[in-house]
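S.K.: The following block contains a protein sequence and its predicted model.
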Amino acid sequence: MAMRIATFGNSEQMIAAALRTQSTMANMQIQEASGITSSDFGGYGSSSQQILNLQVSVTRAQSYIDASTQASSKVEVMYSAMSSISDLITQFRSLLTGATSSTTTDATSVSQSAQDMLEQMASLLNTQYGGDYVFGGARTDQAPVDIDSTVYAAMTSPSSADTSYYKGDDELASVRVSESQIVSYGVTADNAAFEKAMRAMNLVANSTTLSTDTLNEALDLAETAVDAVGVVQSRVSNAASAIERASSFQTEYQSYAQSLATDLTSVDVAAVTAQLSTYQAQLTASYAAIAKVQSLNLASYLS
């Protein structure tokens, strides 16, 4: 083998330097292709914990957004059902107003209409969303209202509050919209507004003579129920607004956190491309120098 003029140690140093440059270029090529500084947290040094925290907060914000979206959809279904209930009670009130002001009221017809409305009321209170009953509290797997005569007995005037038709529980639906905020939006079918309407319809549906006392009590209950349902709807509407505001905040925060994380992890592709060009020229020169040094021997030097 020809003896090199450079020492073995110097030659090794030149090769090691070239390999380091090549390794740096490989990493920069990955950065150029991916647009990020590193494929793992180890490449971010002291910023790695901050990046991890931001990513966790983005994921957590998304969970709150998803929960809010689910709750909002459920609230819309509940509100729509209550609007129909309000319309139904208003119709019932009109029926009673007509019956009290007429001297030729057909008691059988009015009672049958009240029975039909009572069944509609029960159906609306048994509204489902995604297979779950929305007015049954935490018991979402069973219908909260049962007006079978063996469960919900016929009433006579004067009456008293009776929620025997209700098969749910008293837990109101709620949703966590942030780490520190929970919004309660649930309404159960035994709410006083619904109970009064149910009782008024029960009184008329099960009356064969429609006495003045029965009609007057039922009308008073219906009028009270209309106002009470409006109050419940307002509360649900306020809850819906709170959920929407919280979801919007989480969306804005998520965008902000993602932007911060991107700033910490992304690279300037144009700058990296320019640096790669410089390193490429440097590496080419290094290998040319190494090749030149390794091709020299004592004989060629002395000649």
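M.R.: Done, it's in. Numbering: from 1, shown residues only.
S.K.: ok, Ala225 - how many residues close by?
M.R.: Ala225 sits with 27 neighbouring residues when counted by other C-beta atoms under 10 Å. Using the backbone N, CA and C atoms, a C-beta is placed for each residue, glycine as well.
S.K.: quick one: Val232 and Tyr79 touch, right?
M.R.: No. Using C-beta atoms under 8 Å, Val232 is not in contact with Tyr79, being 9.7 Å away.
S.K.: and stretch 202-211, which residues are buried?
M.R.: For stretch 202-211, the buried set under the neighbour-count rule, 16 or more other C-beta atoms under 10 Å, comprises 202-207, 210.
S.K.: any chance of those in JSON lines, plus secondary structure, distance to Thr69 and pLDDT?
M.R.: Below are the buried residues of stretch 202-211 laid out as JSON lines (DSSP: H, G, I helix; E, B strand; the rest coil; distance: C-beta to C-beta, whole Å; pLDDT from 0 to 100):
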{"residue": "Asn202", "secondary structure": "helix", "distance to Thr69": "38", "pLDDT": "97"}
{"residue": "Leu203", "secondary structure": "helix", "distance to Thr69": "42", "pLDDT": "97"}
{"residue": "Val204", "secondary structure": "helix", "distance to Thr69": "42", "pLDDT": "96"}
{"residue": "Ala205", "secondary structure": "helix", "distance to Thr69": "40", "pLDDT": "96"}
{"residue": "Asn206", "secondary structure": "coil", "distance to Thr69": "44", "pLDDT": "93"}
{"residue": "Ser207", "secondary structure": "coil", "distance to Thr69": "46", "pLDDT": "89"}
{"residue": "Leu210", "secondary structure": "coil", "distance to Thr69": "48", "pLDDT": "86"}
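S.K.: Quote the end-to-end distance of stretch 167-177.
M.R.: Distance between the boundary residues of stretch 167-177 (C-alpha to C-alpha, to the nearest Å) amounts to 29 Å.
S.K.: May I see the buried residues of that stretch?
M.R.: 167-168, 173, 175, 177.
S.K.: ok, how many other residues are close to Leu125?
M.R.: As a burial measure, Leu125 scores 29 neighbours (other C-beta under 10 Å).
S.K.: and the spatially closest residue to Glu179 that is not a sequence neighbour, what pLDDT?
M.R.: Take Glu179 and drop its neighbours on the chain: the residue closest to it by C-beta to C-beta, 6 or more residues apart in numbering is Arg60, 7.7 Å away. Here the pLDDT value assigned to Arg60 is 95.
S.K.: ok, now the one 5 residues further on?
M.R.: The model reports Ile65 with a pLDDT of 97.
S.K.: Was I right to think it contacts Ser247?
M.R.: Yes. Using C-beta under 8 Å, Ile65 is in contact with Ser247, at 5.5 Å.
S.K.: Compare these two (neighbour count), which wins?
M.R.: Under the criterion of other C-beta under 10 Å, the comparison of Ile65 against Ser247 puts Ser247 first, with 22 against 19.
S.K.: Enumerate every residue touching the more buried one.
M.R.: By C-beta atoms under 8 Å, 6 or more residues apart in numbering, the contact set of Ser247 is 64-65, 68-69, 72, 177.
S.K.: Please apply the same query to Ser184.
M.R.: Shown in contact with Ser184 (C-beta under 8 Å, 6+ apart): 172-174, 239.
S.K.: Among those, which are located in strands?
M.R.: For the contacts of Ser184, membership in strands holds for Ser174, with DSSP state E as the criterion.
S.K.: Turn the contacts of Ser247 into CSV, columns for distance to Thr104 and secondary structure.
M.R.: Converted to CSV, these look like this (distance: C-beta to C-beta, whole Å; DSSP: H, G, I helix; E, B strand; the rest coil):
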residue, distance to Thr104, secondary structure
Tyr64, 61, helix
Ile65, 60, helix
Ser68, 55, helix
Thr69, 54, helix
Ser72, 50, helix
Val177, 57, coil
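S.K.: Pretty sure Asp141 sits in a helix.
M.R.: No. Going by DSSP: H, G, I helix; E, B strand; the rest coil, the assignment for Asp141 is coil, not a helix.
S.K.: give the contact list for it.
M.R.: Here Asp141 is in contact with 132-133 (C-beta under 8 Å, 6+ apart).
S.K.: try 7 Å this time
M.R.: Residues in contact with Asp141 (C-beta atoms under 7 Å, 6 or more residues apart in numbering): none are found.
S.K.: and if you look at the one 4 residues further on?
M.R.: For Val145, the contacting residues are 122, 125-126, 165-166, 189, taking C-beta under 7 Å, 6+ apart as the criterion.
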